[in-house]
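Trainee: here is my input; please provide its structure:
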Amino acid sequence: MKKKSILIPLLSAALLLSACTPSGGAGGTEAATTEALKTVQEPVSEEKGSQTESPKSTDQENETITPESESVTPEAPDNGSVTPEASEEETSEAPENGTESETFEDGHKPPVQFTLTGNRDDHFISEEFCYLEDEKFFLLVEPGADLPGDFAVNVGLIIDKLEEVSGLSYTIDTKLCGFDNSSVQLGYNPWEDMEYGYKVPVFIMIDEKANGYISSACAEWATIYMFELYSDEVWNAVPEYRDNPERRYDWINYYQIAHELTHTLTLRQASMTKIMTEGIADYYAEKAINALADVSPDFAGSVEIMSWNLDDHVKEDVTPENAEAVFRNDYSDLSHTDRGDEYTLGRMIGLFLEERYGKDFMKDYLKASQDAGYKYPTWYDLEEDDRNKLADEFKKLFGDDVFTDFGEYYQTHAYQL
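Mentor: Coordinates of the predicted model:
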């Protein structure tokens, strides 16, 4: 029997560093990515809270699809084909996406292409590295993943909705550097020679040794680690997973995915402070998921997740007198384990700015950041001089009293959905 389940997001964290540096994300244990990603730049991976509600279960038998048969491999798009065996002369050239005949120098093979049925009750179990290409994104899937048949459809809906509610676009006028983080965490790059253009690579990765890897994102890509996307075989093989069934739930938390995809969307435009980066990711993810709540039980469940993650205040009270200082400090003195306030405060800033200045506030803010020199490639963990410069731009754009007014807003508005 197939049990469909989900990971409750402990924190939709994202350490948005450079366009080529991964950010900490939601759904794992704190600080566990540090060693794995040390060769790039030390990430932040924190927990904001946890949910220990008993998991739901289902006895429904779901159809399982595996990538072994030819029927799984669709007719490939122009840049994603599966070709017959190639000669040595042909293999000396860079293969197209998904060229199954190639073998790289370290012995691994390129990923194969797959499709999903669109039916939530169907399941695709990955047995090798494989990819799905859509209009605006790639799914890049490790072995051991369990994807529901409507997963790609729902990711596409989230991407479209995020562009709609933010007024931003994933396509920018600067060529992306094309980095991905797989080689850092796996020791080699199974996606070598894949070409993404401006499409968003969404890596579905498996923490099969329970190292505590968590979801992350930057301007280049989004990486998703979710227990509900692990196959039963992977889950049951790891005692830390198998012995903690409360970590798996019966619906997929698309809010976590929307949070990470918002990072990719905003950081393709300009650098931001932690407060704006994380808070705005929560803010737009909330808007997108609320708009999609009626699409499926997974989106409806994700709305419930948002109420768990968002319904609290920051530890230090924010007032008209200290709001500007808090913004300029950007919680830079918090340890990894104490992070979380930037999400809460930043989301409230989003609510405040849209109410006072209209729905285009984020486009205007990112344009001001670009004009101040903070264009792609972008950074997240800014130095004091950069934080102060962006705070000055914030005041120029929204008025000298913007921080005082926000402090009053914080004191008089309940933090609620």
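Trainee: so which residues of this protein form helices?
Mentor: 88-91, 151-166, 182-186, 232-237, 239-242, 254-267, 274-291, 297-310, 323-329, 341-357, 361-371, 384-398, 402-412 (DSSP state H).
Trainee: tell me how many other residues crowd the nearest residue to Lys136 once chain neighbours are set aside.
Mentor: Excluding the flanking residues, the one nearest Lys136 by CB to CB, 6 or more residues apart in numbering is Ile159, at 5.2 Å. From N, CA and C alone the C-beta is placed, and that goes for glycine too. Ile159 has 24 neighbouring residues, counting by other CB atoms under 10 Å.
Trainee: Ile159 is in contact with Tyr170, isn't it?
Mentor: Yes: under the criterion of CB atoms under 8 Å, Ile159 makes contact with Tyr170 at 7.0 Å.
Trainee: gap between the residue lying closest to Glu384 once chain neighbours are set aside and Glu393?
Mentor: Using CB to CB, 6+ apart and skipping the chain neighbours, the partner closest in space to Glu384 is Ser332 (7.5 Å). As judged by CB to CB, to the nearest Å, Ser332 and Glu393 stand 18 Å apart.
Trainee: and if you look at Glu142?
Mentor: Distance of Glu142 to Glu393, given as CB to CB: 40 Å.
Trainee: look at these two and report which has more neighbours.
Mentor: Counted by other CB under 10 Å, Glu142 and Glu393 do not tie: Glu142 has more neighbours, with 22 against 17.
Trainee: do you know the pLDDT at the residue nearest to Ala222 when sequence neighbours are not counted?
Mentor: The shortest distance from Ala222 to any non-neighbouring residue, by CB to CB, 6+ apart, is to Glu260 (4.2 Å). Listed pLDDT for Glu260 reads 97.
Trainee: okay but Glu260 is in contact with Ser215, surely?
Mentor: Yes: contact criterion CB under 8 Å: Glu260 and Ser215 qualify, at 5.4 Å.
Trainee: list the contacts of the residue nearest to Ala270 when sequence neighbours are not counted.
Mentor: The shortest distance from Ala270 to any non-neighbouring residue, by CB to CB, 6+ apart, is to Ser369 (3.7 Å). Shown in contact with Ser369 (CB atoms under 8 Å, 6 or more residues apart in numbering): Gln269, Ala270, Ser271, Met272, Lys375, Leu390, Glu393.
Trainee: okay if I get those as CSV plus pLDDT?
Mentor: Formatted as CSV, the contacts of Ser369 follow (pLDDT from 0 to 100):
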residue, pLDDT
Gln269, 94
Ala270, 93
Ser271, 92
Met272, 92
Lys375, 86
Leu390, 95
Glu393, 96
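Trainee: turn the residues you listed into TSV, columns for distance to Glu321.
Mentor: Shown next, in TSV, are those (distance: CB to CB, whole Å):
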residue	distance to Glu321
Gln269	32
Ala270	29
Ser271	28
Met272	24
Lys375	34
Leu390	21
Glu393	22
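Trainee: show me which of the residues you listed are buried.
Mentor: Of the members of the contacts of Ser369, the ones counted as buried by neighbours, 16 or more other CB atoms under 10 Å, are Gln269, Ala270, Ser271, Met272, Lys375, Leu390, Glu393.
Trainee: can you give me the domain boundaries for this protein?
Mentor: Domain segmentation of the chain under automatic domain parsing yields 64-260, 270-412.
Trainee: comparing those, which yields the minimum mean pLDDT?
Mentor: Among the domains of the chain, domain 64-260 carries the lowest mean pLDDT (a mean of 81).
Trainee: what about the residue nearest to Glu384, how many neighbours?
Mentor: Ser332: 14 neighbours (other CB under 10 Å).
Trainee: quick check on it: phi, psi?
Mentor: In terms of degrees, to the nearest 10, the main-chain angles of Ser332 are phi -70, psi -20.
Trainee: that one and Leu157: what is the separation?
Mentor: If you measure Ser332 against Leu157 using CB to CB, the figure is 36 Å.
Trainee: before we move on, what about Asp298?
Mentor: 11 Å.
Trainee: more neighbours, the two?
Mentor: More crowded of Asp298 and Leu157, by other CB under 10 Å: Asp298, with 23 against 19.
Trainee: correct me if wrong: that one contacts Tyr255.
Mentor: No: using CB under 8 Å as the test, Asp298 is too far from Tyr255 to be in contact (9.8 Å).
Trainee: any shared contact partners between Ile159 and Tyr170?
Mentor: With contacts taken as CB under 8 Å, 6+ apart, Ile159 and Tyr170 have Lys136, Val200 as neighbours in common.
Trainee: does Met276 touch Arg347 like I think?
Mentor: No: checked against CB under 8 Å, the pair Met276 and Arg347 is beyond contact range at 10.3 Å.
Trainee: returning to what we had before: highest mean neighbour count out of the helices of the chain?
Mentor: Burial of these is given as mean neighbour count (mean count of other CB atoms under 10 Å); helix 254-267 ranks first at a mean of 29.
Trainee: can you give me the angle it makes with helix 297-310?
Mentor: For helix 254-267 against helix 297-310, the angle by axes from the mean of the first three to the mean of the last three CA atoms, to 10 degrees is 70 degrees.
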